[in-house]
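# my questions are about this predicted structure, shown below with the sequence.
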Amino acid sequence: MKISLIFLISVCVLVNVQHTYAATDMFQLIVNILLCMKENSSEITLNDLCQMVNKLNCENQTLAKSKTCIFLKIVKLTNEQKADLLKFMEPILKNYPSISTCIKNRLLNACPGLCNIPNVCEANAVNLDVLITNIQNGVVSQQC
(Lines give C-alpha, C1' and ligand atoms only; values in the text may rest on other atoms or scores of the structure.)
Protein backbone atom coordinates (compact mmCIF):
# COMPACT_ATOMS: atom_id res chain seq x y z
CA MET A 1 0.00 0.00 0.00
CA LYS A 2 1.13 3.53 -0.69
CA ILE A 3 1.02 6.83 1.17
CA SER A 4 -2.37 8.05 2.32
CA LEU A 5 -4.28 11.16 1.38
CA ILE A 6 -4.36 12.14 5.06
CA PHE A 7 -0.60 12.41 5.15
CA LEU A 8 -0.35 14.42 1.95
CA ILE A 9 -2.94 16.92 3.15
CA SER A 10 -1.17 17.21 6.49
CA VAL A 11 2.11 17.97 4.73
CA CYS A 12 0.44 20.72 2.73
CA VAL A 13 -1.05 22.24 5.88
CA LEU A 14 2.31 22.13 7.65
CA VAL A 15 4.19 23.68 4.77
CA ASN A 16 1.68 26.51 4.39
CA VAL A 17 2.01 27.53 8.04
CA GLN A 18 5.76 27.32 8.36
CA HIS A 19 5.95 31.03 7.55
CA THR A 20 3.27 31.92 10.11
CA TYR A 21 4.99 30.38 13.11
CA ALA A 22 8.47 31.20 14.31
CA ALA A 23 10.11 28.26 12.65
CA THR A 24 12.93 26.75 14.63
CA ASP A 25 15.75 24.80 13.00
CA MET A 26 14.14 21.59 14.30
CA PHE A 27 10.75 22.55 12.84
CA GLN A 28 12.39 23.41 9.51
CA LEU A 29 14.08 20.02 9.51
CA ILE A 30 10.74 18.27 10.04
CA VAL A 31 9.10 20.34 7.29
CA ASN A 32 11.88 19.49 4.82
CA ILE A 33 11.63 15.80 5.68
CA LEU A 34 7.86 15.88 5.17
CA LEU A 35 8.27 17.68 1.84
CA CYS A 36 10.70 15.00 0.68
CA MET A 37 8.30 12.31 1.82
CA LYS A 38 5.54 14.02 -0.16
CA GLU A 39 7.75 14.32 -3.27
CA ASN A 40 8.60 10.62 -3.07
CA SER A 41 5.25 9.46 -1.74
CA SER A 42 4.93 6.60 -4.21
CA GLU A 43 7.78 4.82 -2.44
CA ILE A 44 6.56 4.98 1.15
CA THR A 45 4.69 1.96 2.44
CA LEU A 46 1.51 2.41 4.42
CA ASN A 47 3.12 0.49 7.29
CA ASP A 48 5.98 3.00 7.55
CA LEU A 49 3.59 5.92 7.27
CA CYS A 50 1.34 4.49 9.97
CA GLN A 51 4.27 4.12 12.35
CA MET A 52 4.93 7.84 12.07
CA VAL A 53 1.26 8.85 12.41
CA ASN A 54 0.88 6.52 15.40
CA LYS A 55 3.94 8.09 17.04
CA LEU A 56 1.98 11.36 17.11
CA ASN A 57 -1.13 9.58 18.45
CA CYS A 58 -3.23 10.76 15.50
CA GLU A 59 -4.48 7.39 14.29
CA ASN A 60 -8.13 6.30 14.10
CA GLN A 61 -9.51 9.71 13.21
CA THR A 62 -11.43 11.18 10.30
CA LEU A 63 -9.49 12.84 7.49
CA ALA A 64 -10.15 16.37 8.76
CA LYS A 65 -9.30 15.48 12.35
CA SER A 66 -6.16 13.59 11.35
CA LYS A 67 -4.64 16.47 9.41
CA THR A 68 -5.48 18.87 12.24
CA CYS A 69 -4.08 16.42 14.79
CA ILE A 70 -0.77 15.98 12.95
CA PHE A 71 -0.39 19.72 12.45
CA LEU A 72 -1.19 20.61 16.06
CA LYS A 73 1.02 17.88 17.47
CA ILE A 74 4.07 18.90 15.45
CA VAL A 75 3.59 22.63 16.05
CA LYS A 76 3.14 22.10 19.81
CA LEU A 77 6.11 19.76 20.24
CA THR A 78 9.04 21.11 22.17
CA ASN A 79 12.39 20.99 20.41
CA GLU A 80 13.25 17.94 22.52
CA GLN A 81 10.05 16.18 21.42
CA LYS A 82 10.74 17.15 17.80
CA ALA A 83 14.20 15.62 18.19
CA ASP A 84 12.65 12.42 19.57
CA LEU A 85 10.23 12.28 16.63
CA LEU A 86 13.09 12.74 14.16
CA LYS A 87 15.18 10.06 15.85
CA PHE A 88 12.17 7.73 15.64
CA MET A 89 11.78 8.51 11.92
CA GLU A 90 15.46 8.14 10.98
CA PRO A 91 15.59 4.32 10.67
CA ILE A 92 12.39 4.40 8.62
CA LEU A 93 13.72 7.12 6.31
CA LYS A 94 16.97 5.22 5.75
CA ASN A 95 14.92 2.61 3.88
CA TYR A 96 14.21 5.17 1.16
CA PRO A 97 17.38 6.38 -0.62
CA SER A 98 15.52 8.90 -2.78
CA ILE A 99 13.99 10.50 0.32
CA SER A 100 17.39 10.58 2.04
CA THR A 101 18.95 12.26 -1.00
CA CYS A 102 16.08 14.74 -1.21
CA ILE A 103 16.48 15.64 2.48
CA LYS A 104 20.20 16.24 2.02
CA ASN A 105 19.63 18.39 -1.07
CA ARG A 106 16.90 20.47 0.58
CA LEU A 107 18.99 21.04 3.69
CA LEU A 108 22.05 22.01 1.64
CA ASN A 109 19.87 24.43 -0.32
CA ALA A 110 18.82 26.08 2.93
CA CYS A 111 22.27 25.88 4.51
CA PRO A 112 25.19 25.46 2.10
CA GLY A 113 27.63 25.23 5.03
CA LEU A 114 25.87 22.25 6.58
CA CYS A 115 28.45 19.72 5.42
CA ASN A 116 31.18 21.76 7.12
CA ILE A 117 29.86 20.34 10.39
CA PRO A 118 31.80 17.13 11.10
CA ASN A 119 29.92 13.87 10.44
CA VAL A 120 26.65 15.51 9.37
CA CYS A 121 26.88 14.70 5.67
CA GLU A 122 27.15 11.17 4.36
CA ALA A 123 27.40 10.11 0.71
CA ASN A 124 23.73 10.58 -0.23
CA ALA A 125 22.19 11.45 3.09
CA VAL A 126 22.41 13.48 6.25
CA ASN A 127 23.13 11.77 9.56
CA LEU A 128 20.01 12.91 11.42
CA ASP A 129 21.33 11.96 14.86
CA VAL A 130 24.44 14.10 14.39
CA LEU A 131 22.40 16.90 12.81
CA ILE A 132 19.89 16.92 15.68
CA THR A 133 22.69 17.11 18.24
CA ASN A 134 24.26 20.00 16.34
CA ILE A 135 20.92 21.81 16.10
CA GLN A 136 20.44 21.41 19.84
CA ASN A 137 23.96 22.71 20.50
CA GLY A 138 23.49 25.75 18.25
CA VAL A 139 26.17 24.66 15.78
CA VAL A 140 23.82 24.57 12.79
CA SER A 141 22.63 28.15 13.24
CA GLN A 142 26.28 29.26 13.28
CA GLN A 143 26.97 27.49 9.96
CA CYS A 144 23.84 28.80 8.29
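Thanks, I have the structure now.
# not counting sequence-adjacent ones, nearest residue to residue 135?
Closest residue in space to residue 135, ignoring its immediate chain neighbours: residue 25 at 4.7 Å, by Cβ to Cβ, 6 or more residues apart in numbering. For every residue, glycine as well, the C-beta is placed using N, CA and C.
# thought that neighbour was touching residue 141?
Yes: judged on Cβ atoms under 8 Å, residue 25 makes contact with residue 141 at a distance of 6.2 Å.
# hey, what's in contact with both of those two?
Taking Cβ atoms under 8 Å, 6 or more residues apart in numbering as the contact rule, the neighbours common to residue 25 and residue 141 are residue 135.
# higher neighbour count, the two?
Counted by other Cβ atoms under 10 Å, residue 25 and residue 141 do not tie: residue 25 has more neighbours, with 20 against 12.
# gap between the closest residue to residue 131 other than its chain neighbours and residue 134?
Leaving aside its chain neighbours, residue 131 sits nearest to residue 120 (5.2 Å; criterion: Cβ to Cβ, 6+ apart). When distances are taken as Cβ to Cβ, to the nearest Å, residue 120 and residue 134 turn out to be 6 Å apart.
# for residue 51, same thing?
As judged by Cβ to Cβ, residue 51 and residue 134 stand 26 Å apart.
# what residues does stretch 124-143 touch?
Identification of contacts with stretch 124-143 by Cβ under 8 Å, 6+ apart yields 25-26, 29, 79, 83, 86-87, 89-90, 93-94, 97, 100-101, 103-104, 107, 111, 113-114, 116-121.
# and if we set it to 7 Å?
Under the contact criterion Cβ atoms under 7 Å, 6 or more residues apart in numbering, stretch 124-143 has outside partners 25-26, 29, 79, 83, 86-87, 90, 97, 100-101, 103-104, 107, 111, 113-114, 116-117, 119-120.
# now stretch 82-90
Contact partners of stretch 82-90, identified using Cβ under 7 Å, 6+ apart, comprise 26-27, 29-30, 33, 52, 55, 77, 128-129, 132, 136.
# of those residues, buried ones?
26-27, 29-30, 33, 52, 77, 128, 132 (16 or more other Cβ atoms under 10 Å).
# in helices, which of those residues fall?
Judged by DSSP state H, helices contain the following of the buried ones among the contacts of stretch 82-90: 26-27, 29-30, 33, 52, 128, 132.
# perfect, that will be all.
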